[in-house]
Every structure is written in C-alpha cells, then in structure tokens.
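**Q** Here's my sequence, what's the structure:
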Amino acid sequence: MTDDWNGWRAATERALYGPDGFFVREAPAAHFRTSVHASPRYAAAVAELLRRVDAALDGPPELTFVDVGAGRGELLTGVLASAPAGLAERLRPVAVERAARPPGLDHRIEWTDKPPRGVTGLLFANEWLDNVPCEVAETDGDGVWRRVLVRTADGAERLGEHVEGEELEWLRRWWPLDDDHPEPGLRAEIGLPRDTAWRDAVQTVADGLAVAVDYAHARDDRPLFGTLTAYRDGRTARPVPDGSRDLTAHVALDACAAHAGGGASLSQRDALRALGVDGRRPPQELARRDPAGYLRALSHAGEAAELLDPAGLGAHTWLLCPQGRLQHHALLAPPG
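**A** Prediction:
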C-alpha cells in the first residue's frame, strides 16, 4: 500500500480485491455477520425460494442456483443441505467469488469469478453490491459536487475535481439535493458501478429469478452524509483503504432496479416471513410435553427473530428481478 491519493472507487478496488486484498486474503465471517452466518434458517428460506422457482419453471432437467459474492460457500452449502432430494439431484450450484476456492468445499459446487450465462433458475446476491466499489462525492463551499480523494495509508481525505458527465447525471437523478444552494460537506456514493454490475448479473438469467439483498436506501430518503464505513474483527472501524478491513456502503437499489429493467422490492422481514421463517416463541405447553423439543424450537425462534429484526438484519431490502417465464409470477408476495 502507498501514500497515493485516489478516488474511493480505485482505492476500494485495490484494498478489497487486489493481489493482497481483504477479500482475497480474509474469510468475511471472521469480520462481520451476515444473515447467512446468523442462522441456518436463512439458507432454508433461500432453498424454499429455489423450490418455488423450480415449480414455476415446471421442474427443468437442470436448475441452476448462482450465489454471487459467495464468500466461502456457506450459503450454497446450506441450500444443498436444505433442498428436497428430488430438486438437489437436478441442482447445479455455482459460487461466484474472486477469492480462491476454499479447501473441503462440496465437490458439487462450481467455483468461478463470473456468473454463467443462460441460467435457468435462481441468481442470489446476498450483501454483494455493497462491496462493489464506487466513487464518493462531497459538496464543496459553493455547494458543488466534488470527487473525494483518499490516501491509502491512513484514510485521510481531500476534495478532488468536480463531478461531471454520467456521474453527475446519476447524482441529479438518483441523489438529488433538496436545496438550490446546499451546505458544504454533504456526501453521496455514486452508484453507477453497482447499477452496471447488477444489470450484468440479471442479464445472465434467461429464465428464472435474480435477487439482490442488501442494506439499501431510496431516492426520497438518501442519507445526507453517505454511508461509507468499514468492519474489522467484528466491529465497525474507520474506512481506510489499506487492505486491513472490509469497506462497504449501503446500496441505491432503486437505481439498480431501474438500470436492470425494473424489479420489486420488499423488506427482508416480509420476504423471510413469506418463505416460512417464524420468530414467535413456541407454546409453553410444548415445554411440558417435550422439554428437549421446546428448547430446540426456542433456539430456532431466536435465530429467526434475529433474521427478522427490523432494527437489524430484517431491515435489509430484497430486490426481485424475474426473467423469462417468471416475469409475471408472484413468487414472494408479502404476508397479508
């Protein structure tokens, strides 16, 4: 790492995915907790969604499940364990990840750095887009958007050139300023690279469903000072692009949806409840009849409650982009 000044997009790309980058070197689960790591109930819910996709496609001879940003293959492993036998026999599981294949991974799982094309099935991207590097912009003393430059060694920042061209157009459309003369120091993440990455991922699905799951915000409620942050050793940390920590920012999923041709959004809480995840405590009567069963059910309810927590993982947004024969299929209607 050097003392060079770069935009946040280039600095993050090198810090996360360079030859000695964070995600090339580190297991993500050692530094931050996603829904995949929180409970096997999550993989079971994704397996249920996969089963519904399979049924809507009339049980094709081969059903592909693509996990984009697969980490160490934890979600794929859980889905394979949860899928019904008849579906598992026809399933082609594909991990898309820039890190090397981990040792001991199930031999059925393909490992690649790009999604396969012509997919019939489900493409699922859990907390992937928040790690797609993008530029950060800040308003200067005249209220004009300027690119934020960052120093690799210590994360110090300074303002660079004015934001122009398609990046400025993106800000005007998707991160508009309410005031004609905004105060200095307002910040935004320019989501164009995420839009493009999601569009390209969706286009690999010929027949089926593409789902992105992430912390997100909408055009009418963008954060005033952006969301760029970092995680290291299970704690939030100051964003420094030196390769020692995860760098992440929430996603403008509404912009991603528009760039990919549309899609429907709902909260993780509603999505998982529609897939059968239930965080209610088991009845006390079960404790008298089957104490061991009660404790198991109580543990499952606790795990489910974490996934559904509206102040935590339940606040994730699910973006659903059906393709081909599933374009008008309601696979994941919110519970009534």
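**Q** can you pull the contacts of R158?
**A** W5, V148, L149 (CB atoms under 8 Å, 6 or more residues apart in numbering). Any C-beta I mention is one placed from the backbone N, CA and C, and that applies to glycine too.
**Q** centroid residue for the chain?
**A** E127 (2.1 Å; CA atoms, centre = their mean).
**Q** so how many other residues sit close to the nearest residue to it once chain neighbours are set aside?
**A** The spatially closest residue to E127, leaving aside those adjacent along the chain, is T34, at 5.2 Å (CB to CB, 6 or more residues apart in numbering). Other residues within reach of T34, judged by other CB atoms under 10 Å, total 18.
**Q** surely T34 meets A125?
**A** No: judged on CB atoms under 8 Å, T34 makes no contact with A125 at a distance of 11.8 Å.
**Q** thinking again about what came up before, out of the contacts of R158, which is nearest to R173?
**A** Within these, distances to R173 taken as CB to CB reach their minimum at V148, with 20.1 Å.
**Q** wait, that closest one sits on G160?
**A** Yes: judged on CB under 8 Å, V148 makes contact with G160 at a distance of 6.9 Å.
**Q** higher neighbour count, these two?
**A** V148 (21 against 17).
**Q** For that one, name its beta-bridge partners.
**A** With DSSP bridges as the criterion, the beta-bridge partners of V148 are L159.
**Q** Can you give me the distance of it to R187?
**A** According to CB to CB, to the nearest Å, V148 stands 7 Å off from R187.
**Q** can you check P223 too?
**A** According to CB to CB, P223 stands 8 Å off from R187.
**Q** Compare these two and say which is more crowded by neighbours.
**A** The residue with more neighbours, out of P223 and R187, is R187; 18 against 14, by other CB under 10 Å.
**Q** bridging residues for the residue nearest to G121 when sequence neighbours are not counted?
**A** Spatially, and ignoring its direct neighbours in sequence, G121 is nearest to T64 (3.9 Å; CB to CB, 6+ apart). Beta bridges link T64 to R92, G121 when assigned by DSSP bridges.
**Q** got a list of what T64 touches?
**A** By CB under 8 Å, 6+ apart, the contact set of T64 is L91, R92, P93, V94, P116, V119, T120, G121, L122, G208.
**Q** One more pass at 6 Å, please.
**A** T64 makes contacts with R92, V119, G121, as judged by CB atoms under 6 Å, 6 or more residues apart in numbering.
**Q** burial of the last one, as a residue count?
**A** The one in question is G121. 25.
**Q** Next: the first one.
**A** Neighbouring residues of R92 were enumerated by other CB under 10 Å; the total is 16.
**Q** same deal with the second one?
**A** Residues contacting V119 under the criterion other CB under 10 Å number 25.
**Q** So for it, what's the pLDDT?
**A** pLDDT, V119: 98.
**Q** Next one: it from D20, what distance?
**A** Distance from V119 to D20, by CB to CB: 32 Å.
**Q** try the first one
**A** Taking CB to CB as the criterion, R92 is separated from D20 by 32 Å.
**Q** Where do the strands of the stretch 101-250 of the chain begin and end?
**A** 110-112, 119-126, 135-139, 145-151, 157-162, 187-190, 205-214, 229-232, 235-237, 246-248 (DSSP state E, counting those that start in this stretch).
**Q** who's N126 bridged to?
**A** Assigned bridge partners for N126, using DSSP bridges, are V213.
**Q** quick one: it and V213 touch, right?
**A** Yes: at 4.7 Å, N126 and V213 qualify as touching, with contact defined as CB atoms under 6 Å.
**Q** And the two? Which one has more around it.
**A** Counted by other CB under 10 Å, N126 and V213 do not tie: V213 has more neighbours, with 27 against 24.
**Q** That one and L129, how far apart?
**A** 9 Å.
**Q** The strand or helix carrying L307: what's the following helix or strand?
**A** Here L307 sits within helix 291-308, counting by DSSP states H and E. Moving toward the C-terminus from helix 291-308, the next helix or strand (DSSP H and E) is strand 317-323.
**Q** Now do the helices in this structure.
**A** Using DSSP state H, the helices of the chain run over 8-17, 22-25, 35-38, 40-56, 74-82, 85-88, 165-174, 192-202, 253-259, 268-274, 284-289, 291-308.
**Q** Put together JSON lines for those, with mean pLDDT and mean neighbour count on each row.
**A** Supplementary listing: the helices of the chain in JSON lines, determined by pLDDT from 0 to 100; neighbours: other CB atoms under 10 Å:
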{"stretch": "helix 8-17", "mean pLDDT": "96", "mean neighbour count": "22"}
{"stretch": "helix 22-25", "mean pLDDT": "86", "mean neighbour count": "18"}
{"stretch": "helix 35-38", "mean pLDDT": "76", "mean neighbour count": "19"}
{"stretch": "helix 40-56", "mean pLDDT": "94", "mean neighbour count": "22"}
{"stretch": "helix 74-82", "mean pLDDT": "96", "mean neighbour count": "22"}
{"stretch": "helix 85-88", "mean pLDDT": "92", "mean neighbour count": "13"}
{"stretch": "helix 165-174", "mean pLDDT": "98", "mean neighbour count": "14"}
{"stretch": "helix 192-202", "mean pLDDT": "98", "mean neighbour count": "21"}
{"stretch": "helix 253-259", "mean pLDDT": "98", "mean neighbour count": "22"}
{"stretch": "helix 268-274", "mean pLDDT": "92", "mean neighbour count": "23"}
{"stretch": "helix 284-289", "mean pLDDT": "58", "mean neighbour count": "11"}
{"stretch": "helix 291-308", "mean pLDDT": "60", "mean neighbour count": "16"}
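**Q** Thanks a lot, see you next time.
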